[in-house]
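Peer 1: 3D, please:
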Amino acid sequence: MKINTIKVVLKILVLSSSSSTFAFDLETKLSESGWDRIIGTWEDTRTSGSEIFLDYQWLYKNKVIKIISREGKKETTALMTRNPNSGDIFSVATDNQGGSSVGNWEINKDQAVLGILFVTGEGKEGALEITHKLENDDTMNVSLALPKPISFQLVRTNKK
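Peer 2: So this is what the prediction gives:
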C-alpha cells in the first residue's frame, strides 16, 4: 500500500513539474523576445490607416491580447494567448464576412511569424504565413507569403 502511494505521489510531482515548465504567461514570453512592443495601435504608412489598421491590446493583462484589424471593409477580431502546457502561442480569429482562422505564432528577437489556417465566409480554405519584423519601437514591417508576396509598413499611432 505504501509503495503504491509513493508511486502516485511521485507521478503527481513529475506531472506537475513538467506541466509548470511553461506555466508563465504570454507577457513574459513577449518581453523575453522584445515583442511586448507590439502592444498598441498601428496603421499602414501609405494610406495612414485607411487600408490597414491593427490594434493590439491586453484583454486579460499578461494573458490574452485582443487584436482588431481592418483591411478595407474587412474587420477581424482575434485573441492571442499562450498554451500553459506546451508554451505555444496561438490565436483564433473571426471576421465580419463570416471567415475564421486559427494560427500558431513563432516569436524570436528578429521576427514574429504567424502561420494560419483559414476559412473564408464563402467556405474557401487555405493557409497563410504572415511575418512581422519590428524595425524599431514605432515601425513594423509585415509580409504575407503568397505566390506574389505582399509587404507593407506599419507605424504606431494614437488613433483607435
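
Peer 1: Next one, pLDDT for the nearest residue to Gln97 once chain neighbours are set aside please.
Peer 2: Distance criterion C-beta to C-beta, 6 or more residues apart in numbering; nearest residue to Gln97, sequence neighbours excluded, is Gly121 at 4.1 Å. From N, CA and C alone the C-beta is placed, and that goes for glycine too. We have a pLDDT of 96 for Gly121.

Peer 1: Identify the residues contacting Gly121.
Peer 2: Contacts here follow C-beta atoms under 8 Å, 6 or more residues apart in numbering; on that basis Gly121 touches 95, 97-99.

Peer 1: would you turn those residues into JSON lines with neighbour count and pLDDT?
Peer 2: Converted to JSON lines, the contacts of Gly121 look like this (neighbours: other C-beta atoms under 10 Å; pLDDT from 0 to 100):
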{"residue": "Asp95", "neighbour count": "19", "pLDDT": "98"}
{"residue": "Gln97", "neighbour count": "12", "pLDDT": "97"}
{"residue": "Gly98", "neighbour count": "11", "pLDDT": "97"}
{"residue": "Gly99", "neighbour count": "17", "pLDDT": "97"}
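
Peer 1: Among those, which ones are in strands?
Peer 2: Asp95 (DSSP state E).

Peer 1: which two from the contacts of Gly121 end up farthest apart in space?
Peer 2: Spatially, the most separated pair among those is Asp95 and Gly98, at 7.2 Å (C-beta to C-beta).

Peer 1: now the strands for the chain?
Peer 2: Under the criterion DSSP E, the chain contains strands at 40-44, 52-60, 64-71, 74-82, 89-95, 100-107, 112-119, 125-136, 139-144, 150-157.
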